[in-house]
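> model this:
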Amino acid sequence: MHLVLFQPEIPQNVGTLMRFTACLGVPLDIIEPCGFLFTDKHLKRAGMDYMELSTTRRFASWADFCEARKGARRVAVTASAPHSYTKFSFEPTDVLIMGQESSGFPIDILEDCDETVAIPMVPGTRSLNLAIAASIVTSEALRQTKRLPAHG
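Prediction:
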């Protein structure tokens, strides 16, 4: 299983998710371009020393990512999905893809994904923070596939 960020724009979210993936043992893929440099102080502040522990791979484009992850089921997390992540059956080899903070996914990228899931929210709300949404769905996927790290 991999967590994937499609053209992220906010360094604090990426740093937070580098820390999250390091702690849960999930590789993080980042599809460029990003809205910041990887030398950004906010990225380093959010990621802390966990950035060194995160298995992070950067891809120059969607096409490069798809070529490298050929055969993996692409699951996009988007508010426009017709069904909830809680009713979805995750597989250990899924790649869980998060869209851009400001605009989500371009339609052609969504159409190139195998599945879409949403996080149910109270009516009248638009979206969750990227790092929070990614953590929610990734945790459930790990729980379902019995890949959460052992406690204690």
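
> Could you report the neighbour count for the residue lying closest to residue 90 once chain neighbours are set aside?
Spatial nearest neighbour of residue 90, excluding adjacent residues (CB to CB, 6 or more residues apart in numbering): residue 141 at 3.9 Å. Any C-beta I mention is one placed from the backbone N, CA and C, and that applies to glycine too. Using other CB atoms under 10 Å, residue 141 has 24 neighbouring residues.

> which element is residue 141 on?
Under the criterion of DSSP states H and E, residue 141 resides in helix 130-144.

> One more: residue 70?
Using DSSP H and E, residue 70 falls outside every helix and strand.

> okay, now it: neighbour count?
The burial count for residue 70: 7, using other CB under 10 Å.

> Check it and give its pLDDT.
pLDDT recorded at residue 70 is 95.

> Helix or strand next in line after the lowest-mean-pLDDT helix or strand in the chain, which one?
The helix or strand of the chain with the poorest confidence is helix 41-47; it has a mean of 71 (mean pLDDT, DSSP states H and E). Using DSSP H and E, the next helix or strand after helix 41-47 towards the C-terminus is strand 56-59.

> Alpha carbons of that following strand, in CSV - could you do that?
Extracted C-alpha coordinates of strand 56-59, given in CSV (Å, rounded to 0.1, in the frame of the first residue of the first chain):
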residue,chain,number,x,y,z
THR,A,56,9.2,9.0,0.0
ARG,A,57,9.5,8.9,-3.7
ARG,A,58,8.9,11.8,-6.0
PHE,A,59,7.6,11.4,-9.6
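
> Which positions in it come out as buried?
Across strand 56-59, burial judged by 16 or more other CB atoms under 10 Å covers 56, 59.

> quick one: average confidence on that strand?
Rounded mean pLDDT across strand 56-59 is 95.
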